[in-house]
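any chance you could fold what I've pasted below:
(2 chains)
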Protein chains: 2
Amino acid sequence: MSRALPLYAYRMGIDTHQEPRVYMRADCAICRAEGYTASTRLQIKTESRSLIATLNTAADHILPHGYIGFSDSAWEFLALVQGQAVTVHHVPEIRSLSALRKKIYGHPLNADEISGVIQDIGRHLYSDIEIAGFITACAGGRLTSSETTALTRAMAQIGNQLHWPQYERVFDKHSIGGLPGNRTTPIVVSIVSAAGLIIPKTSSHAITSPAGTADTMAVLTSVDLTLERLRKVIDRTGACLAAGGKVGLSPTDDLLIRIERALDLDSEGQLVASVLSKKMAAGSTHVLIDMPVGPTAKLRNQKQAKVLSKLFHDVASALGLTVRCVMTDGTEAVGNGIGPAEEARDVLSVLRNESAAPTDLVARALYLSGQLLSMATGVDDVQALQQAREILHSGQAWIQFRAICEAQGGLRDVPVASHHIELRSEYAGKLLGMDNRRLARLAKVAGAPASPEAGLRLRVKVGDSVEARQPLATLYAATPGELAYAREYFHQNRDLFEFSPVNTPLPQAEQQQ
Amino acid sequence: MSRALPLYAYRMGIDTHQEPRVYMRADCAICRAEGYTASTRLQIKTESRSLIATLNTAADHILPHGYIGFSDSAWEFLALVQGQAVTVHHVPEIRSLSALRKKIYGHPLNADEISGVIQDIGRHLYSDIEIAGFITACAGGRLTSSETTALTRAMAQIGNQLHWPQYERVFDKHSIGGLPGNRTTPIVVSIVSAAGLIIPKTSSHAITSPAGTADTMAVLTSVDLTLERLRKVIDRTGACLAAGGKVGLSPTDDLLIRIERALDLDSEGQLVASVLSKKMAAGSTHVLIDMPVGPTAKLRNQKQAKVLSKLFHDVASALGLTVRCVMTDGTEAVGNGIGPAEEARDVLSVLRNESAAPTDLVARALYLSGQLLSMATGVDDVQALQQAREILHSGQAWIQFRAICEAQGGLRDVPVASHHIELRSEYAGKLLGMDNRRLARLAKVAGAPASPEAGLRLRVKVGDSVEARQPLATLYAATPGELAYAREYFHQNRDLFEFSPVNTPLPQAEQQQ
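So this is what the prediction gives:
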């Protein structure tokens, strides 16, 4: 039949991110015979692989006759070489789509149906539109606790899985996020693994924030470890501080998160499944969940945190995991640095017990370490906190951190930004609050996390009395253009620093610093 | 600021359908400074227009330095010329997206919020992913009657609107679809406009079916009329049989339908809004809704039809429209032809009162014409049906049809397919049923509606006694490849014709005809 005729692969040089596209000439005989037009979904087969992609039609001058063009991600997924023969087919029936429609029409799904959806998403059979339908149908509390459990299990079973038969208990921690500079993980992992806990920590790069733990750690050492290498690091030190990417735990999570982010949705069920599927796949048995609560954090109030905490417990218990959720103060950025390099500086100053180390970061890291130690040993919180403090203050945590970095490839120096500027107050008065979301945005506008040295160093804390023209923060960027752009953003968003109402603004002329 | 720097427009020659894309080099200074990466949404501005598009990054060899590439639809929407300067910006805050999220989280929207969403979709500010979120959040009965009313009004108010101050009442009809060959519209419009009703009928091209009324009419005359031309046709004849496209009534409907189709969803609220917004924008006051009910029609049973009928009445009454919904037999394809040309042949044979005219199409067209006439004059159904029959049988309808075609640009001959084959039965027995969905698919596989002469002519009706090897249908195609492909589809789907269980299949050797 006509559809088995081969076409020859051509790399278009177009990056469509994770959304595979193919390009065929509108005058191609196969397009005409099969009725393929722009936006048709097609299955492309090589000898060994197959992929579903969205078709765009291309004019004669950009694609040779007899060829089919591929976007970068489609090319890589099929592991093509230039001129390789491929065949093009109508998309086979994707059976899980009937489960998707069932969910969209408001009916709950059973574990098999959810597993079918997740497997097909993992095989790249779903279009972005179909994934958006799934995300939307599960949002707004429409995913039950048992559906969330099934979703978590299905996600954990795709991709790599780590097993630790030699260890009885394996620990992990996760922070719900939304708090700039909350870089406790390297400190907590160092403290608790120095105390003998096994903690194979993989972290993500930033999705919407100016730095993820993986971005901060990438400033200090190699984080892109293969599964084999990661096992060796853990065997040697009991811990690791790696990026999740190459390890490939719960890879469907990335496919879902990309669409959640495009919709700016953060549904509870998806969040729990995202976190716990990675932990399950990492072979963890005990997980501490840090839930910062504050008006501009991801969790706005205690009620939201309690609902989420209950869902975490229900799902974890159904999966045989032990979780402990702790609510922490999410009203203020943690530490003084925002952005990969500046956050790395904070981490190092805490581990080295420097006098200038940010006290809030120290306190949070000790609290979370204590919680993990008490989960492990059953000692009370006060004793566990004291143990954590001793490990940090004695320098054992710093030794352990260096050992982990050494095992991952060596500890590096923190880079210095080539451009900076002071952001000064236009008021004299008491600092009442900071808007976490806009602080994060400011660091991103300056270039974080793509430029690791870009970001902010805060010079004031909430509660401080500030003089007019006193520096509130130092802004760092890799290029003058990014610095100017971020400065402009700051001038348009000066109210992200909130002062007591007694302030008198400076005369107009002095504001344009 | 750096983001105001211009780039020069370059037509990529890539057709992405209605989804605008732009292409920038990954090494472009603006991409780097602004942090734009593949799949970032960007606003592109010219002197007079602006558009939001999804970014793909392109390799050096396919895009000259300093240029920005455009997909065909983006190029046309911005009315660009090669080398024209454009500026690239971060996407401004799309305020209606907060209403979208509110709906996704399960809260009803008020009329202003719905209007905001629809206006922004109409301005091409939403990504496919965001439209999919809206469609999904409204599916499964989650759109209330008052939300549907607001949606209909908002859709009708975008694009062109027709007003008919000179006419007290303006009629229209709509068929819910799913029934191949159900081409009553040209006949009904001819009959009722011959009786003096004003009926400015615009129809759509096929979306998922082998022919829409616009495809069938395009075989017979010009259907792509401007608004001005359409008014003239109606002034002259009281009616028209035009395609909706160029007239531009409720254009957001097309944007929503594209995504509904990709999700294979048909939600009641969206369906009612889709139909009634077009009628409202066309200035209609009285609308007849034909609801074919049958196991393989769009409406599977009477209960579904009743729910939909109630929603039509509720929304129409809130909008000041009069609707009448009639349930009709949807168990069997109507007429003998499926596909634009074959359906046109059926229409002509009915209007010309030929003895071979399909009786089911005649009966349906008369019934619907009678219903419209009784809506108009208040006479009872029996009298109205008799009036319709007289208009058809006297040849007045045929005269009126030719007058309409003449006003639109002249009546054309129906084209003949260059390739055909008989599809024969492998059974002897009684024909119990046909699967409408697979009949439609068969005609599409043969090339309909893109090739207007492609399709099917049925040679049997449900209830007929069929001999082994008797032709069930003639299959038409424009090319041998398409004919072979459709024939193969038929052999894999022979059970779309359902026979009484007493049949004996032919020996294997004779099946491969």
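
which stretches of the stretch 301-450 of chain A have low pLDDT?
Of all residues in the stretch 301-450 of chain A, none has pLDDT under 70.

below-threshold pLDDT in the stretch 101-250 of chain A: ranges please.
Counting by pLDDT under 70, the stretch 101-250 of chain A contains low-confidence ranges at A:178.

now do the helices in it.
Counting by DSSP state H, counting those that start in this stretch, the stretch 101-250 of chain A has helices at residues A:111-122, A:128-138, A:145-156, A:185-194, A:213-220, A:227-237.

is chain B within reach of the fifth one?
Put plainly, it is helix A:213-220. No: using CB under 8 Å from any CB of the partner chain, helix A:213-220 never reaches chain B; the gap is at least 13.9 Å. Where C-beta positions appear, they are placed from N, C-alpha and C, glycine not excepted.

same thing with stretch A:96-106?
Yes: shown here: stretch A:96-106 in contact with chain B (CB under 8 Å from any CB) through A:97, A:101, A:104, A:105, A:106.

next one: stretch A:109-124
No: using CB under 8 Å from any CB, we find that stretch A:109-124 stays clear of chain B, coming within 13.2 Å at best.

give the buried residues for that stretch.
For stretch A:109-124, burial by neighbour count (16 or more other CB atoms under 10 Å in any protein chain shown) applies to A:109, A:113, A:114, A:115, A:116, A:117, A:118, A:120, A:121, A:122, A:124.

over to stretch A:262-272?
So stretch A:262-272, judged by 16+ other CB under 10 Å, has buried residues A:262, A:263, A:265, A:266, A:267, A:268, A:269, A:270, A:271, A:272.

residues contacting the residue lying closest to the first one once chain neighbours are set aside?
The one in question is residue A:262. Spatial nearest neighbour of residue A:262, chain neighbours left out: residue B:129 (4.7 Å); criterion: CB to CB, 6 or more residues apart in numbering or on different chains. Contacts for residue B:129 were tallied using CB atoms under 8 Å, 6 or more residues apart in numbering or on different chains; they are A:128, A:129, A:132, A:259, A:262, A:263.

can you tell me the SS state at residue A:423?
Following DSSP: H, G, I helix; E, B strand; the rest coil, residue A:423 is assigned to strand.

wait, it touches residue A:476, no?
No: under the criterion of CB atoms under 8 Å, residue A:423 lies out of contact with residue A:476, with a separation of 11.0 Å.

ok, those two, which is more surrounded?
For the pair residue A:423 and residue A:476, the greater number of neighbours falls to residue A:476 (29 against 20), based on other CB atoms under 10 Å in any protein chain shown.

surely that one meets residue A:422?
No: with contact taken as CB under 8 Å, residue A:476 and residue A:422 are classed as non-touching, separated by 11.0 Å.

and the stretch 101-250 of chain A, which residues reach chain B?
If contact is defined as CB under 8 Å from any CB, the residues of the stretch 101-250 of chain A in contact with chain B are A:101, A:104-106, A:127-130, A:132-133, A:135-137, A:139-142.

just the buried residues from those residues, in PyMOL please.
This is how PyMOL selects the buried members of these, with burial counted by 16+ other CB under 10 Å:
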select buried, chain A and resi 101+104+127+128+129+130+132+133+135+136+137+139+140+142
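
excluding its backbone neighbours, what's nearest residue A:23?
For residue A:23, the nearest residue in space outside its immediate sequence neighbours is residue A:69; the separation is 3.3 Å by CB to CB, 6+ apart.

and the helix or strand hosting the one you found, what does it pack against?
Element membership for residue A:69 (DSSP states H and E) is strand A:67-70. When contacts are defined as 3 or more CB pairs under 8 Å, 6 or more residues apart in numbering or on different chains; DSSP states H and E, strand A:67-70 sits against strand A:6-11, strand A:21-25.

and what about residue A:289, helix, strand or coil?
Reduced to three states by three-state DSSP, residue A:289 is strand.

returning to what we had before: and the helices of the stretch 101-250 of chain A as JSON lines, adding distance to residue B:40?
Output for those, formatted as JSON lines (distance: least, CB to CB, whole Å):
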{"stretch": "helix A:111-122", "distance to residue B:40": "23"}
{"stretch": "helix A:128-138", "distance to residue B:40": "14"}
{"stretch": "helix A:145-156", "distance to residue B:40": "26"}
{"stretch": "helix A:185-194", "distance to residue B:40": "28"}
{"stretch": "helix A:213-220", "distance to residue B:40": "19"}
{"stretch": "helix A:227-237", "distance to residue B:40": "31"}
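
related to what we said a few turns ago, which of the contacts of residue B:129 sits closest to residue B:197?
Looking at these and their distance to residue B:197, the nearest is residue A:129, at 40.8 Å (CB to CB).

for that closest one, give its distance to residue A:349.
Taking CB to CB, to the nearest Å as the criterion, residue A:129 is separated from residue A:349 by 47 Å.

and the closest residue in space to residue A:477 that isn't next to it in sequence, which of the three is it?
Here the nearest residue to residue A:477 in space, its sequence neighbours aside, is residue A:483; by CB to CB, 6+ apart that works out to 3.9 Å. Following three-state DSSP, the label given to residue A:483 is helix.

residue A:483 reaches residue A:490, doesn't it?
No: the criterion here is CB under 8 Å, and residue A:483 misses it with residue A:490 at 10.6 Å.

anything in contact with each of those two?
With the criterion set as CB under 8 Å, 6+ apart, the overlap between the contacts of residue A:483 and residue A:490 is residue A:475.

pLDDT at the residue in the stretch 51-200 of chain A that chain B sits nearest to, what is it?
Taking CB to the nearest CB, chain B has its nearest neighbour within the stretch 51-200 of chain A at residue A:59, 2.8 Å off. Among the per-residue scores, residue A:59 holds a pLDDT of 88.

so what's the residue nearest to it when sequence neighbours are not counted up against?
Excluding its sequence neighbours, the residue lying closest to residue A:59 (CB to CB, 6+ apart) is residue B:13, at 2.8 Å. Contact analysis of residue B:13 by CB under 8 Å, 6+ apart lists A:58, A:59, A:60, A:61, A:62, B:72.

try 7 Å
The neighbourhood of residue B:13, defined by CB atoms under 7 Å, 6 or more residues apart in numbering or on different chains, consists of A:58, A:59, A:61, A:62.

cool, residue A:440 as well?
Per CB under 7 Å, 6+ apart, neighbours of residue A:440: A:180, A:209, A:210, A:338.

please redo it, this time with the cut-off set to 8 Å
Neighbouring residues of residue A:440 by CB under 8 Å, 6+ apart: A:180, A:208, A:209, A:210, A:338.
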